[in-house]
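Colleague: Structure, please.
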Amino acid sequence: MIYYQKVNNKTYFYRGQFVQSLPKGDKATWFFDNVDTGSFYVQSVANQKVEDYLPTEIPKEVLCLVAGVDVQGGGGTKDERIECSIFGISESVVKGKEDLWLIEHLVIHGDPTQKEVWEGLDIVLDSEYEHPNGGKLKIQAMAIDSGGLATHSVYNYCRQRKTKGVIPIKGSSQRNQPIIGRGSKVDIDYKGQPIKQGVSVFSIGSDTIKDELFPRIKMGKGIHFHKETTEEYFKELTGEYKQSKLNSSRRRVYQYVQKKNQAVEKLDCAVYAYAAWYYLLQRKPISKIFPYLEKKLQNYGKKQQKKAKITKNTNMPKQGYDVFNW
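Modeller: Here you go, the predicted structure:
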C-alpha cells in the first residue's frame, strides 16, 4: 500500500503505514527520490487515471494496432528477454493527431539470439483482437529495436516478416531528428556475406517521440491506459527526465536522462510503437488514414455479418483483416 502526506505544497509518498491512503483509482507519475529511507518526493503528479477497459480489450474508438519491441541482452546474458507493448490508435479530437491506447504489455523470457523467443513473438504478431463494432484487428506494424546484442537475429526476423509490417529500427544519435526516417538497406550478414533481399533499417528520433509522448502522459490526454495498468508500468514509462546543459559552443541543449536505478523498457516500447505508427503514416497521411481505417473496419464487419448468416450453426472462425495488404 502507498500512503502520502502533503508538506509545504510538496507531496510525499510512503510505503507502509502512514496517515492517509492514496485515493482509490488515483495514479501519479512516479519520480522516486531517497529510496533507502522509504520516502518518495513526487516532482509532478500527473493524475494519470486508468480507464474502464481490460488488457487485450479493444476500445470502440481504436481503428488500428501497432507494437513496439525492446530486445534485452542475448547470448546468455542476465535477464535476457523481449518486451512488447501493443497500442491501439484512434483519431484524436485534436485535428491532425492521434490517441494511443495501451492494449497490453508482454514479456517473453529467453535468449534473443535463439529462435524460441522469436517464435513467442510470432504468436503476438499473429494474434487477433475482437473489435466491439465487429470483426477483428491484427497488428499492422511492429517496430523492433536492433541496437542491442541480438542485432542480426532482429534483422533476420524482420526480413522474413516484412510482408507483415515488421521493421527493425535504431535510435538516431543526433537530436531533433524525424520520428522515423525512410530506411536504409542492410545487405551484409554477421559473416560479412551479401544478403539477397536485404532488410531496411529505419532510424528513429527517440527524443522527438518522447517530446510528443511525455506531455500527453503528464496531462493525461491523448494516451490511455487499461484499468490493470500497474504502478511499476508507470514508473518505467516515466523513467527518464529532460535535462538541459551547455555544449562546447556554450549553447543550451536538452537531452533525456534515465533516472538512477530505474528500468525504462516500458518507455522504450511505447517509443517504438509510436515509430511503428509513423511508419504506417509514410504509406497514408494522417488526414486520410482514419477515414480509410474506419471504412475498412465497417466493410469487414458487414462481410462478417453476411458470412455469419450463411454459416449459421457452423464453427467457421472469423479472420482478422490486413489493412495495408502487406
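Colleague: May I have stretch 156-164 as CSV, with CA atoms only?
Modeller: Output in CSV follows, covering the C-alpha atoms of stretch 156-164 (Å, rounded to 0.1, in the frame of the first residue of the first chain):
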residue,chain,number,x,y,z
ASN,A,156,16.6,-12.0,-39.8
TYR,A,157,13.2,-11.9,-38.0
CYS,A,158,12.2,-8.6,-39.7
ARG,A,159,13.4,-9.7,-43.1
GLN,A,160,11.2,-12.8,-43.0
ARG,A,161,8.2,-10.9,-41.8
LYS,A,162,8.4,-7.6,-43.7
THR,A,163,5.2,-8.5,-45.5
LYS,A,164,3.5,-8.3,-42.1
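Colleague: Spatially nearest residue to Gly181 (excluding sequence neighbours)?
Modeller: What sits nearest to Gly181 in space, not counting adjacent residues and going by CB to CB, 6 or more residues apart in numbering, is Ser203, at 4.2 Å. Every residue, glycine included, has its C-beta placed from N, CA and C.
Colleague: What of Ser153?
Modeller: Ranked by CB to CB, 6+ apart and with sequence neighbours excluded, the top spatial neighbour of Ser153 is Thr113, at 5.2 Å.
Colleague: which stretches of this protein have low pLDDT?
Modeller: Low-confidence segments of the chain (pLDDT under 70): 1-48, 188-192, 194, 301-326.
Colleague: re earlier: could you pull up the residues touching the residue nearest to Gly181?
Modeller: Residues in contact with Ser203 (CB atoms under 8 Å, 6 or more residues apart in numbering) are 169-172, 177, 180-181, 184.
Colleague: Could you pull out the strands in the stretch 1-150 of the chain for me?
Modeller: 2-7, 10-15, 20-21, 39-41, 64-72, 81-91, 98-109, 129-130, 136-137, 139-145 (DSSP state E, counting those that start in this stretch).
Colleague: Dump those to CSV, plus distance to Thr208.
Modeller: Listed next are the strands of the stretch 1-150 of the chain as CSV, based on distance: least, CB to CB, whole Å:
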stretch, distance to Thr208
strand 2-7, 33
strand 10-15, 31
strand 20-21, 39
strand 39-41, 29
strand 64-72, 15
strand 81-91, 17
strand 98-109, 15
strand 129-130, 29
strand 136-137, 27
strand 139-145, 14
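Colleague: Tell me which of those lies nearest to Val257.
Modeller: Closest of these to Val257 is strand 39-41, at 17.4 Å (criterion: CB to CB).
Colleague: Distance of Phe234 relative to Lys218?
Modeller: Counting by CB to CB, to the nearest Å, the separation of Phe234 from Lys218 is 12 Å.
Colleague: who has more neighbours, the two?
Modeller: A count of neighbours by other CB atoms under 10 Å puts Phe234 above the other of Phe234 and Lys218, at 20 against 15.
Colleague: Can you pull the phi and psi angles for that one?
Modeller: Backbone torsions for Phe234, taken as degrees, to the nearest 10, come to phi -60, psi -30.
Colleague: What residue spans form the domains of the chain?
Modeller: With domains defined by automatic domain parsing, the chain comprises 2-41, 64-289.
Colleague: how about those, which one is nearest Leu54?
Modeller: domain 64-289 (5.9 Å).
Colleague: How far does that closest one stretch from one end to the other?
Modeller: Distance across domain 64-289, first residue to last, is 10 Å (CA to CA, to the nearest Å).
Colleague: same check, this time on stretch 86-105
Modeller: End-to-end for stretch 86-105, by CA to CA: 6 Å.
Colleague: Now find how far off-centre that stretch is within its chain.
Modeller: Offset of stretch 86-105 from its chain centre (CA atoms, centre = their mean, to the nearest Å): 11 Å.
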